[in-house]
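Visitor: Predicted coordinates and the sequence they were generated for:
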Amino acid sequence: MTAETEGGAGGVPLDGLPPWQLARRERIIDAALAVLRQQEYERIQIRDVAEAADVARATLYRYFASKDHLYACVLQKWSALDRPDPALRQATAEDRVRTWIHRLIRAFEREPSFFRASLALQHSADPEAKRILGEMAVGSVARLTQHLAVLGPDRAADAADILFSIVNWGSMRAIFHGGEMTKVHRLADRFIDSLAPELR
């Protein structure tokens, strides 16, 4: 996939930006998120986002080097996994894992356009988009592995990889090939069931 770009490098560093510029950048991300809720990633053009954010295209490109860079930031904000749930602190490892993984599946179930955008961005040539997506992936795996820590480091890491594979492959089948997300929930539960005696 080719990232839509214009002009120079774009993507000014966040460090040192005054509050009004940070607010403008956040407004652009919010507008881009709203646009993705209305149409598919591949059909979105930067001018659509600029209009929704009420900024010039040149202004948008000062903050984001490309469409891919912008939408990597959008996915980062959208991800419910970045929001810790205080109620889970006292829960068993099993409950934490089930809650966490079903929250992820439901997020893709509610807004499949975000899942499709995340797949499209996997092929991005934009270094900032790749960096952000990489950090998100590492962070997500680390959080799930932490919930599985009672299994020991190696087994927890393997179990996290298997759960992510179930979610990604199952969501792909459901969203692109007419399957059902209920099956993704069921398969995830079956795998967690196999670990449950050790997670309790």
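Guide: Cool, the structure landed. Residues are numbered from 1 along each chain as shown.
Visitor: alpha carbons only for contacts and neighbour counts from here, please
Guide: Fine.
Visitor: mind listing the helices for the chain?
Guide: Applying DSSP state H to the chain gives helices spanning 19-38, 46-53, 57-63, 67-78, 93-110, 112-121, 127-147, 153-177, 181-199.
Visitor: Return the most buried member of these.
Guide: Across the helices of the chain, averaging neighbours per residue (mean count of other Cα atoms under 10 Å) puts helix 67-78 on top, at a mean of 22.
Visitor: That helix vs helix 19-38, what angle?
Guide: Here helix 67-78 runs at an angle of 90 degrees relative to helix 19-38 (axes from the mean of the first three to the mean of the last three Cα atoms, to 10 degrees).
Visitor: ok, and what's touching helix 67-78?
Guide: Residues outside helix 67-78 that contact it (Cα atoms under 8 Å, 6 or more residues apart in numbering): 3-5, 29-30, 32-33, 45-46, 64, 114, 118, 121, 124, 126, 128-129, 132-133, 136.
Visitor: mind checking how far Gly170 is from Thr182?
Guide: Distance, Gly170 to Thr182, by Cα to Cα, to the nearest Å: 10 Å.
Visitor: do you know how far the closest residue to Gly170 other than its chain neighbours is from Ile29?
Guide: Computed as Cα to Cα, 6 or more residues apart in numbering, the closest residue to Gly170 that is not its neighbour in sequence is Val184, at 5.2 Å. Taking Cα to Cα as the measure, Val184 falls 30 Å from Ile29.
Visitor: per-residue confidence at the closest residue to Leu121 other than its chain neighbours?
Guide: Excluding the flanking residues, the one nearest Leu121 by Cα to Cα, 6+ apart is Asp68, at 6.5 Å. Asp68 carries a pLDDT value of 98.
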